[in-house]
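[1] One predicted model, sequence on top.
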Amino acid sequence: MIVRTVSIRFVQAIPTLLGVATLVFFLLHLVPGDPVDALLGETAMPADREALRAALHLDEPVWQQYTGYLGGLVAGDWGQSLVDHRPVFERIIERIPATARLAAVSLLLAVVLALPLGYWAARHAGHRQDVAAMGFSLLGVSIPNFWLGPVLMLVFAVGLGWLPVSGMDQPGAIVLPAITLGTALAAVLSRMARSSWLEAMGGDAVRTARAFGISERTIWWRHAARLAAIPVITMFALQMGAVLGGAVITETVFDWPGLGLLTIEAIQRRDYPLVQGCVLMIAAFYVLANLLADMLGLLLDPRQRHG
Amino acid sequence: MARASRYLVILCLLVPALVMLAALLFGQDGHAVDLDRVLAAPGPAHPLGHDALGRDVLARLAEGLQLSLSVGMAVILFGGMVGISIGMLAGWAGGILDAGLMRLADIVLSFPGILLAIALAAMLGPGVDNLIIALVAVGWVGFARLTRAQVLSFKGTPFVEAAVANGASAPYIAWRHLLPNIAAPLLIEASFGLAAVIIGEAGLSFLGVGVQPPDASLGTMIREGTRLMLVSPSLVIWPGLVLFSLVMVVNLLGDAMRDKLDVRMNGQSH
């Protein structure tokens, strides 16, 4: 049963990915006027224009460009960078480890912050502690990461001199970007933890446990925690994808050489094939993370398997 | 809890309100370049000092604030109109149209929202119009999914059936019967959406794909400020503080509205 459901979800992800690739393909066609004009200016030599047109496959009919693009994606040929003429796929792959490291540390930080905070708020629901915890959560959701980053930099790197300002090479360089990226995640996750813990505490399982005379402490940590964990874990998996969106800005702020910074560099240099590749790669990870969230939900919660 | 958040709303509302008021009082031109006053300290006529081109920071903050709000409102308005129409159409028509439209929504949701907006804005080129288009292209989906789900839940109810039996046209039913009934969740979606759009606009402008100089946006001000952070940290602190307060206010109002209207949101709010 579960194998079947899981494989259906996998198959369902294929048209989504195809749609994503289609949208990314048409990104290039959104450039107003002629992309070649946009890249070279109107005074360029005709020979250069033709060469670029051929490199971008703009000399072919659209349907041929499209099928060629999709075929290339599958074969691992994602086109060539217009700036250094290296394969787009290669340039993207070499940036993935940096982003993965940043994302992993940020997510870890978010969990370590969010779970105790959510528990604390739920335990004291309606009281001052709850207000404080949810106030912090609101703060975390509302603070833009492109401002939090510079402020942290000002205080901890420039003012106190505890941590490096930017880059990736010095020890401790990951701390500030990870806090910048992790704060919003922690805020969302702690809200989720609070509400699902409270919901679990109001459920039948908890009422039954209370009737059996089990201690409150055990109920909170055994019975309710198990139920509350399902939405929290699902949310966490969803955030594994969301963190990539935030990484684009955070990496730019801190000059962290990951996939996000590569995207912005490519945009600034109008390296369209590289922009397309970056957006596609991030979206693919995002779809994968959403799929993972789905699977975890199915795996952990038998109630979701039917329905 | 309610009282605490009321205080917080007032506190956060104070920052943008003060900026607007002070800008009106001092009446400086945020575009007037004055190279004798580059990064000059605050003075009697310029309470927040000057930026790298000697322009009045307070006036630029007020301009950026207005831009944030008007872009935010425009995106929510257009995104709402597009999303609600598509949601109504999908929910009411069902079948292939519904499947197709929802597939489109799924595809848009397969990107981290900010990334798709960045990519669209970068390809369309700089400017406020393109910025709004990019944000609407991402923002309609939430409205569409919510509207569709709500329409589906009302579709079989007696008052809707009665309207159908009366020979009312689909647009009439949508406007007179469905919209008033689903207004509450849509309003909540709009208020949280507004917070996301305001951050999105500033984020895109911060990255250089949104509002272009010499126009002031809180995002471009933060961008220019970070370059001069070591010399003049206030240039990055002020616009961020204003943006942050604005987003807090919108989020708090969204929270309050959700509690007041007592709606359980199905689906995520950005």
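    Noted; the coordinates are in hand. Residues are numbered from 1 along each chain as shown, chains lettered A, B, ... in the order given.

[2] Measure how buried residue B:133 is and give me the count.
    Neighbour count of residue B:133, defined by other C-beta atoms under 10 Å in any protein chain shown: 17. In short, each C-beta sits where N, CA and C put it, glycine included.

[3] wait, doesn't it sit right on residue B:124?
    Yes: contact status for residue B:133 versus residue B:124: in contact at 6.3 Å, counting by C-beta atoms under 8 Å.

[4] Can you tell me which residues in the stretch 151-270 of chain B are near chain A?
    B:195, B:199, B:202-203, B:206-209, B:219, B:222, B:225-226, B:229-230, B:233, B:236-237, B:239-240, B:243-244, B:247-248, B:251-252, B:255 (C-beta under 8 Å from any C-beta of the partner chain).

[5] Among the residues you listed, which ones are in helices?
    Residues from those lying in helices, with DSSP state H as the criterion: B:195, B:199, B:202-203, B:206-207, B:219, B:222, B:225-226, B:236-237, B:239-240, B:243-244, B:247-248, B:251-252, B:255.

[6] Distance-wise, check the residue of the stretch 1-150 of chain B found nearest chain A relative to residue A:282.
    Among the residues of the stretch 1-150 of chain B, residue B:112 lies closest to chain A, at 2.7 Å counting by C-beta to the nearest C-beta. Relative to residue A:282, residue B:112 is positioned 7 Å away (C-beta to C-beta, to the nearest Å).

[7] Give the full set of residues in contact with the residue of the stretch 1-150 of chain B closest to chain A.
    A:241-242, A:244-246, A:248, A:282-283, A:286 (C-beta atoms under 8 Å, 6 or more residues apart in numbering or on different chains).

[8] Where is the longest helix in chain B?
    helix B:57-93.

[9] and it with helix B:218-227, angle?
    If you take axes from the mean of the first three to the mean of the last three C-alpha atoms, to 10 degrees, helix B:57-93 sits at 130 degrees to helix B:218-227.

[10] how about helix B:57-93: buried residues?
    The neighbour-count check on helix B:57-93 (16 or more other C-beta atoms under 10 Å in any protein chain shown) flags B:57-65, B:67-69, B:71-72, B:74-76, B:78-80, B:82-92 as buried.

[11] what does stretch B:226-246 give?
    So, applying 16+ other C-beta under 10 Å, buried residues of stretch B:226-246: B:226, B:229, B:232-246.

[12] which one is residue A:110 nearest to, not counting chain neighbours?
    residue A:185 (3.7 Å; C-beta to C-beta, 6 or more residues apart in numbering or on different chains).

[13] returning to what we had before: which elements pack onto the longest helix of chain B?
    Contacts defined by 3 or more C-beta pairs under 8 Å, 6 or more residues apart in numbering or on different chains; DSSP states H and E place helix B:57-93 against helix B:2-26, helix B:95-109, helix B:128-155, helix B:179-207, helix B:218-227, helix B:234-261.

[14] and residue A:127, which of those is closest to it?
    helix B:2-26 (11.0 Å; C-beta to C-beta).

[15] Quick one: list the elements packing against the closest one.
    helix A:128-142, helix B:57-93, helix B:234-261.

[16] still on that earlier bit, just confirm the residue nearest to residue A:110 is within a strand.
    No: counting by DSSP: H, G, I helix; E, B strand; the rest coil, residue A:185 is located in no strand; its state is helix.

[17] Which helix or which strand is home to the residue in the stretch 101-250 of chain A positioned nearest to chain B?
    Distance from chain B to each residue of the stretch 101-250 of chain A (C-beta to the nearest C-beta) is smallest for residue A:245, at 2.7 Å. Residue A:245 is part of helix A:225-254 when elements are defined by DSSP states H and E.

[18] Leaving out the residues flanking it, which one is nearest to residue A:68?
    residue A:57 (6.1 Å).

[19] Could you tell me which residues make contact with the one you found?
    A:64-65, A:68-69.

[20] Most neighbours among those, which one?
    residue A:69 (21 neighbours).

[21] Quick one: residues contacting the nearest residue to it once chain neighbours are set aside.
    Spatial nearest neighbour of residue A:69, chain neighbours left out: residue A:25 (5.0 Å); criterion: C-beta to C-beta, 6+ apart. Counting by C-beta under 8 Å, 6+ apart, residue A:25 touches A:65-66, A:69-70, A:276.

[22] Many thanks, we can stop here.
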